[in-house]
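Participant: here is a sequence with its predicted model. Questions after.
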Amino acid sequence: MTQRSSASRLSLVVALAVLPLVAAKGGGCSTEIQPGDGSADSWELGPVPEQKGALKPMSCEWLNHSNCWTEFVDSVKACAPLAETGTFDKDRENCSFGSGAMLELEGPIGRPAKGSTRLPIVNHRVLASDGTPCLTAKSLAPFKTALASRTHTVVLESTGTLTYKVICDDGAAYGDGAEGSCSDVGLRWLGHHAPGNSLLCSGDEGTCTLELWGASATSSLPVATCKD
């Protein structure tokens, strides 16, 4: 494994260990596992890739250029309601857009308290304006999520306190724990410039934004934004 700076290692500790497991008390940012109602059981993913061969490094070159993750993000970008703000129903379980697009959640997500934000951990999918799935995200196991677009399916998996990987359509797997990985991948992940995803809700704004991180070397992609 390549030697990381202490700041980079700390970033990965926060991002891959504390963030999924700890719910903050009071204000600030917290994570929350939402109760599911079973609706996601019928959501189709298609073939889910399994790792073939040894783990490959998440090198700076891989992060800086087109790769299976950025191709997946591009395929979502082509059908998601990027420029719209949708409206939640009264239960905050579904969000509809004027174009006919929709964000569906497996269970309702309550609005965070004023002055706080929340990162709900819940299966979700985005339906395009024609009613067909554009993005589907389902948990396969603790810390392992499959994400499917119309043309690509990838898997994000946390493999340890400091390590995670992306499994591509063809079974190739890239991880920050492999020798030759980019030395600042932890800082990139924390800045949303490495592969990842989130659903972030604000108590002050009454909004939730679904993002895919690492859309390019320097940006993330807000896929869908919803408000009360």
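Facilitator: Everything's here; your move.
Participant: to what extent is the residue lying closest to C60 once chain neighbours are set aside buried, counted in neighbours?
Facilitator: Spatial nearest neighbour of C60, chain neighbours left out: C182 (3.9 Å); criterion: C-beta to C-beta, 6 or more residues apart in numbering. Where you see a C-beta, it was placed from the backbone N, CA and C, and this is true even at glycine. Number of residues near C182 (other C-beta atoms under 10 Å) recorded here: 21.
Participant: quick one: C182 from C79, how far?
Facilitator: Per C-beta to C-beta, to the nearest Å, C182 is found 30 Å from C79.
Participant: what of W69?
Facilitator: 17 Å.
Participant: please apply the same query to P47.
Facilitator: Remark: distance between P47 and C79 (C-beta to C-beta) = 20 Å.
Participant: and those two? Which one has more around it.
Facilitator: C79 (20 against 8).
Participant: was I right about the more buried one contacting L127?
Facilitator: No: counting by C-beta atoms under 8 Å, C79 stays clear of L127, with 9.2 Å between them.
Participant: joint contacts of those two?
Facilitator: Residues within reach of C79 and of L127 at once, by C-beta atoms under 8 Å, 6 or more residues apart in numbering, are C134.
Participant: low-scoring pLDDT stretches of this protein, where are they?
Facilitator: 1-36 (pLDDT under 70).
Participant: so which strand or helix has the spatially most central residue of it?
Facilitator: The centre of the chain sits closest to N197, judged by C-alpha atoms, centre = their mean, with a distance of 1.6 Å. Per DSSP states H and E, N197 falls inside strand 196-202.
Participant: and T209, by the same measure?
Facilitator: strand 207-216.
Participant: and stretch 106-122, how far apart are its ends?
Facilitator: Terminal residues of stretch 106-122 lie 6 Å apart, using C-alpha to C-alpha, to the nearest Å.
Participant: off-centre distance for that stretch?
Facilitator: Offset of stretch 106-122 from its chain centre (C-alpha atoms, centre = their mean, to the nearest Å): 15 Å.
Participant: in that stretch, what's buried?
Facilitator: Within stretch 106-122, the residues scored as buried using 16 or more other C-beta atoms under 10 Å are 106-109, 111-112, 116-122.
Participant: any chance of those in a markdown table, plus distance to C60?
Facilitator: A markdown table is the format used below for those (distance: C-beta to C-beta, whole Å):
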| residue | distance to C60 |
| --- | --- |
| E106 | 36 |
| G107 | 39 |
| P108 | 41 |
| I109 | 36 |
| R111 | 40 |
| P112 | 36 |
| S116 | 35 |
| T117 | 30 |
| R118 | 33 |
| L119 | 27 |
| P120 | 32 |
| I121 | 30 |
| V122 | 33 |
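Participant: which of those residues fall within strands?
Facilitator: In strands, defined here by DSSP state E, the members of the buried residues of stretch 106-122 are 116-121.
Participant: contact partners for the residue nearest to C60?
Facilitator: 57-60, 62-63, 176, 188.
Participant: show me the residues you listed that map onto strands.
Facilitator: Per DSSP E, the subset of those in strands is P57.
Participant: in helices only, show me the contacts of C182.
Facilitator: Among the contacts of C182, the members falling in helices are 60, 62-63, 188 (criterion: DSSP state H).
Participant: quick check, nearest of the residues you listed to F143?
Facilitator: R188 (19.3 Å; C-beta to C-beta).
Participant: follow-up on the earlier one: which of the ones in helices among the contacts of C182 count as buried?
Facilitator: For those, buried by 16+ other C-beta under 10 Å: 60, 62-63, 188.
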